[in-house]
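>>> okay, here's the prediction I keep looking at, along with the sequence it came from:
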Amino acid sequence: MKRLFILLLCVVSAVSIYANPPMLNVESLFDGRYNDNKSVIISIYKNNGNYYRGLTIKRNPEIIKQIAAAIAKDQSRAKGFSDYQGEDGHYTSLQIENNGEIIYIGLQRDKVGSGFFFIQGKGKAFK
Amino acid sequence: MKQAMRYITVEEIEQLCRLYMDCRLSVLEETELEYVLLRSEMDSPLINDTRMLMKISRQVNRPMPRKNLLLTWGWRVAAAVVFLIGSIALLQNRTTSETDCIAYVEGIEVGGEEAKVIAEADVARMEKFMLMVEKQRATEQAKVEQFMNHNNSSRR
């Protein structure tokens, strides 16, 4: 019985590892937490091996803050980073390399708490 | 034990059988009685009943042969492997057969063409974003180069 339990535990662990948690902190923003949020538009799009996920936020500074925090956590892994103030908002951009592919992350935000955030890359990059 | 068997009488055996039936014998005594009953040819209804009960008891208590035990474990491992492969296949299938396009607009799930239109608009916005970032980077780079050139020419 004990051995069977250990075996089952191994199987469950293997499955859990396979269905591993998000690789990047920013990916956790697409875990469904904003699905019911009325100030957010979420879009997930797969096309020709490209994987795109985006959030459009309307006047919700709290969510913008959470996104910025997630980006900051992933910044240490970034191959490229840029942050500048444009005419129509503040732009933050990250490029993270994984599996030989680049994951592009971007956030554009304004002063009233609206913004546009995305993660994009080849499907292989997210494995 | 064999010597003891020579002197033991049917009545004594029956007495022991009664004790056996009442579960009043120790494990060692039960084993000895079993040995005596199997070796001797004594015959009485009580002795025969006890013999039969002992056979049943022995079958119940008999440990599973090692071969069967391995077979059982083999089945368990095989079942676990099948379960693992099945789960992986299910997850892979789920990932590959996932809807190509999905959107949530103000808390409402949207699919199909509407989701595609939203996603494509978002992708276009993202491309614009990336172009803008690239343009900004190039501008900054040009500024740095201009600054460096100016510095170099000032030194001359």
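Yep, that arrived.
>>> shaky segments in chain B?
B:1-6, B:59-65, B:67, B:91-99, B:156 (pLDDT under 70).
>>> run through the residues that contact the residue of it found nearest chain A.
Nearest to chain A, among the residues of chain B, is residue B:119, at 3.6 Å (CB to the nearest CB). Every C-beta, even on glycine, is put in place using the N, C-alpha and C of the backbone. Residues counted as contacts of residue B:119 (CB atoms under 8 Å, 6 or more residues apart in numbering or on different chains) are A:43, A:44, A:45, A:52, A:54, B:101, B:103.
>>> quick one, which of these are buried?
With burial judged by 16 or more other CB atoms under 10 Å in any protein chain shown, the buried subset of the contacts of residue B:119 is A:43, A:44, A:45, A:52, A:54, B:101, B:103.
>>> relative to residue A:40, how far out is residue A:54?
10 Å (CB to CB, to the nearest Å).
>>> which ones are touching the residue of chain A at minimum distance from chain B?
Nearest residue of chain A to chain B: residue A:45, at 3.6 Å (CB to the nearest CB). Counting by CB under 8 Å, 6+ apart, residue A:45 makes contact with A:51, A:52, A:53, A:54, B:100, B:101, B:116, B:119, B:120, B:122, B:123.
>>> take those and keep only those in helices.
B:116, B:119, B:120, B:122, B:123 (DSSP state H).
>>> for the third one, which non-adjacent residue is spatially closest?
In space, not counting the residues next to it along the chain, residue B:120 is nearest to residue A:45; the distance is 7.5 Å by CB to CB, 6 or more residues apart in numbering or on different chains.
>>> ok, now the second one?
Leaving aside its sequence neighbours, residue B:119 sits nearest to residue A:45 (CB to CB, 6+ apart; 3.6 Å).
>>> want to try TSV for the ones in helices among the contacts of residue A:45, with distance to residue B:55 as columns?
TSV is the format used below for these (distance: CB to CB, whole Å):
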residue	distance to residue B:55
B:116	75
B:119	75
B:120	80
B:122	78
B:123	79
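>>> among these, which ones are buried?
Counted by 16+ other CB under 10 Å, the ones in helices among the contacts of residue A:45 give B:116, B:119, B:122, B:123 as buried.
>>> closest to residue A:95 out of those residues?
The closest of those to residue A:95 turns out to be residue B:123 (CB to CB; 17.3 Å).
>>> ok, now which ones touch that closest one?
Applying CB under 8 Å, 6+ apart, the residues near residue B:123 are A:45, A:52, A:54, A:120.
>>> go again with 10 Å.
Residue B:123 makes contacts with A:43, A:45, A:47, A:50, A:52, A:54, A:118, A:120, as judged by CB atoms under 10 Å, 6 or more residues apart in numbering or on different chains.
>>> export these to a markdown table and append columns for pLDDT.
Below are these laid out as a markdown table (pLDDT from 0 to 100):
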| residue | pLDDT |
| --- | --- |
| A:43 | 93 |
| A:45 | 89 |
| A:47 | 85 |
| A:50 | 88 |
| A:52 | 93 |
| A:54 | 94 |
| A:118 | 95 |
| A:120 | 93 |
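>>> from those residues, which is closest to residue B:73?
residue A:50 (46.5 Å).
>>> who's the closest one bridged to?
residue A:47, residue A:122 (DSSP bridges).
>>> can you give me the helices in chain A?
Using DSSP H, helices in chain A cover A:2-18, A:61-74.
>>> so where is chain A shaky, pLDDT-wise?
The model of chain A has pLDDT under 70 over residues A:1-22.
>>> one more time with 80
A:1-22, A:127 (pLDDT under 80).
>>> how far does the helix or strand where residue B:140 lies sit from its chain's centre?
Element membership for residue B:140, per DSSP states H and E: helix B:112-155. On the basis of CA atoms, centre = their mean, to the nearest Å, helix B:112-155 is displaced by 52 Å from the centre of the chain it belongs to.
>>> also stretch A:54-67?
That offset, for stretch A:54-67, works out to 13 Å (CA atoms, centre = their mean).
>>> so which bits of it are buried?
Buried, per 16+ other CB under 10 Å, within stretch A:54-67: A:54, A:55, A:56, A:57, A:60, A:63, A:64, A:66, A:67.
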